[in-house]
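Engineer: Here's my sequence, what's the structure:
(chains A, B, C and D)
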Protein chains: 2
Amino acid sequence: MNAIRNIPAGKPNARAKLLDAAIKLVRQNGFSATSVDQICTEAKVTKGAFFHHFASKEALGAAAAGAWTERAEQLIFTLPDWTRMHDPLDRLLTHIDFRAAMIEGSAEDFTCFVGTMVQESFASSDILRAASDASLTAYAERLAEDIEAAIDQHGIVNDIAGGDISALSLAYHVQAVLQGAFILAKAKGSPEIARDNIRHLKHYVSLLFGKEKGS
Amino acid sequence: MNAIRNIPAGKPNARAKLLDAAIKLVRQNGFSATSVDQICTEAKVTKGAFFHHFASKEALGAAAAGAWTERAEQLIFTLPDWTRMHDPLDRLLTHIDFRAAMIEGSAEDFTCFVGTMVQESFASSDILRAASDASLTAYAERLAEDIEAAIDQHGIVNDIAGGDISALSLAYHVQAVLQGAFILAKAKGSPEIARDNIRHLKHYVSLLFGKEKGS
DNA sequence: TGACGCATACCGACCAGTTGGTATGTTATC
DNA sequence: GATAACATACCAACTGGTCGGTATGCGTCA
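Structural biologist: Predicted structure coming up:
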């Protein structure tokens, strides 16, 4: 009756615990500085279990990127009430406010898992690079939907001369500012500078849409 | 007579070769994925020489951050002709163009050494964190001089409502966009997206100063 | 009903190679 | 002849990964 599917379900299994532990430790110390043993200890799981679920450390990293995508999708695009706002431009500006509000406490708690991982692995592991890219791309494409709608509804007042600003391009820019803000916050040991950067980002988007002031 | 200072000078010594090798390899694979042996091999120097010049791998990393600061200062703020432009706003906009032009080829050749290093070490080594921060801060403060002058001379037309944009804050924003652009370029395996992000950055700065079009 | 077969989940000792770092030299330079 | 600049040999700890084993659950067929 309660047997659900191929994946056991029910109580938190070793696989999920390993994914969680990996995300936590990699955000703290990076991918290669995090050992398989550390991940197992953190997850309270043995090494045998680790290699039962994942063929290699690299495979775990790729799977963790997938888990990270799902987590972000829920936390940022689905659960919050403001995602149901009617005006797509309001949604976009509130999205930016929301991302700013997430930035507080220790850097390992608000920084991006895939952003950290891809920095170290882009040249050495195409699997990890591609998995990270997929996660970043999923976020950008999802965000681009709202931007596209905002452009349709309001139009961009201050476009780049000559070229036209695409929704996807602006979505990636949001992401770039976030990633860069994380690095500065890590360097300074304080989230303040990151929030200040996002102020600039919101100001830029407001200027693009000719919206003098949001909230 | 030609003995210069505490640092031997003269021919390229082991210390300088180790610093160069470290910067190259860390940009490629990150700090902890780069071993002392690899650095020695790349620098064509033995391990004995390594630990003669540096007390530890961590100390090398900190020294490399210093070397990186000097390199950037020369390459970006001193050597190019455009740094002698009269109008500080022209200098600022050309600075941004210059940074965009630097982005081509492989990511390990245009990305930031300290940005990469601080990602992995901020939580585990305060020495590396502080050394990275010092390098990022030196860049931002130097850039803020031009921004300050540009504000004095031209004024910011489209300021953030309520708050005022400080030169240093905008300088850090430039840096954040660059760092974020590097991450996206690494993920995508192509510099294009990074350049596109810097287009947004230049557009933002242009809008702030009410300058419709640069070059 | 129960015994059988088989798959999944997990355990932990073990392995060969690599890690950062040290100890003890030898060689060049002032 | 002392001091800095290297070289070589070595080490204990740790690395990712393997491997033989066990415990448990589930479908099946008598």
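Engineer: So which residues of chain A form helices?
Structural biologist: Assigned by DSSP state H, the helices in chain A fall at A:14-29, A:36-43, A:47-53, A:57-72, A:88-102, A:107-110, A:113-121, A:126-154, A:167-188, A:192-208.
Engineer: Out of these, which is the most enclosed?
Structural biologist: Ranked by mean neighbour count, those are led by helix A:113-121 with a mean of 28 (mean count of other C-beta atoms under 10 Å in any protein chain shown). Where you see a C-beta, it was placed from the backbone N, CA and C, and this is true even at glycine.
Engineer: Packing partners of that one?
Structural biologist: helix A:14-29, helix A:57-72, helix A:126-154, helix B:113-121, helix B:167-188 (3 or more C-beta pairs under 8 Å, 6 or more residues apart in numbering or on different chains; DSSP states H and E).
Engineer: CA atoms of stretch A:62-81 as PDB?
Structural biologist: C-alpha atoms of stretch A:62-81 as PDB (Å, rounded to 0.1, in the frame of the first residue of the first chain):
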ATOM      1  CA  ALA A  62      26.000  16.500 -10.900                       C
ATOM      2  CA  ALA A  63      23.100  15.000  -9.000                       C
ATOM      3  CA  ALA A  64      23.400  17.800  -6.400                       C
ATOM      4  CA  ALA A  65      23.200  20.400  -9.100                       C
ATOM      5  CA  GLY A  66      19.800  18.900 -10.100                       C
ATOM      6  CA  ALA A  67      18.600  18.900  -6.500                       C
ATOM      7  CA  TRP A  68      19.700  22.500  -6.200                       C
ATOM      8  CA  THR A  69      17.700  23.500  -9.300                       C
ATOM      9  CA  GLU A  70      14.600  21.900  -7.800                       C
ATOM     10  CA  ARG A  71      15.100  23.600  -4.400                       C
ATOM     11  CA  ALA A  72      15.600  27.000  -6.100                       C
ATOM     12  CA  GLU A  73      12.500  26.500  -8.300                       C
ATOM     13  CA  GLN A  74      10.400  25.900  -5.200                       C
ATOM     14  CA  LEU A  75      11.900  28.500  -2.900                       C
ATOM     15  CA  ILE A  76      12.000  31.400  -5.400                       C
ATOM     16  CA  PHE A  77       9.600  30.700  -8.200                       C
ATOM     17  CA  THR A  78       6.800  28.700  -6.600                       C
ATOM     18  CA  LEU A  79       6.300  29.000  -2.900                       C
ATOM     19  CA  PRO A  80       6.300  32.800  -2.300                       C
ATOM     20  CA  ASP A  81       3.000  34.600  -2.500                       C
END
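Engineer: quick one, what contacts A:Ile127?
Structural biologist: A:58-59, A:61-62 (C-beta atoms under 8 Å, 6 or more residues apart in numbering or on different chains).
Engineer: again, only this time at 10 Å
Structural biologist: For A:Ile127, the contact set (C-beta atoms under 10 Å, 6 or more residues apart in numbering or on different chains) comprises A:56, A:58-59, A:61-62, A:65, A:121.
Engineer: what's the answer for A:Asp146, then?
Structural biologist: Each residue near A:Asp146 by C-beta under 10 Å, 6+ apart is listed here: A:77, A:83, A:85, A:87-92, A:94-95, A:167, A:171.
Engineer: Mind putting those residues into TSV with pLDDT?
Structural biologist: Formatted as TSV, the contacts of A:Asp146 follow (pLDDT from 0 to 100):
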residue	pLDDT
A:Phe77	97
A:Thr83	96
A:Met85	96
A:Asp87	96
A:Pro88	97
A:Leu89	97
A:Asp90	96
A:Arg91	97
A:Leu92	97
A:Thr94	97
A:His95	98
A:Ala167	96
A:Ala171	98
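Engineer: any idea how far whichever residue of chain A sits closest to DNA strand D lies from A:Leu60?
Structural biologist: Here the residue of chain A nearest DNA strand D is A:Ser35; by C-beta to the nearest atom of the strand that distance is 3.1 Å. In this view, A:Ser35 and A:Leu60 are 12 Å apart by C-beta to C-beta, to the nearest Å.
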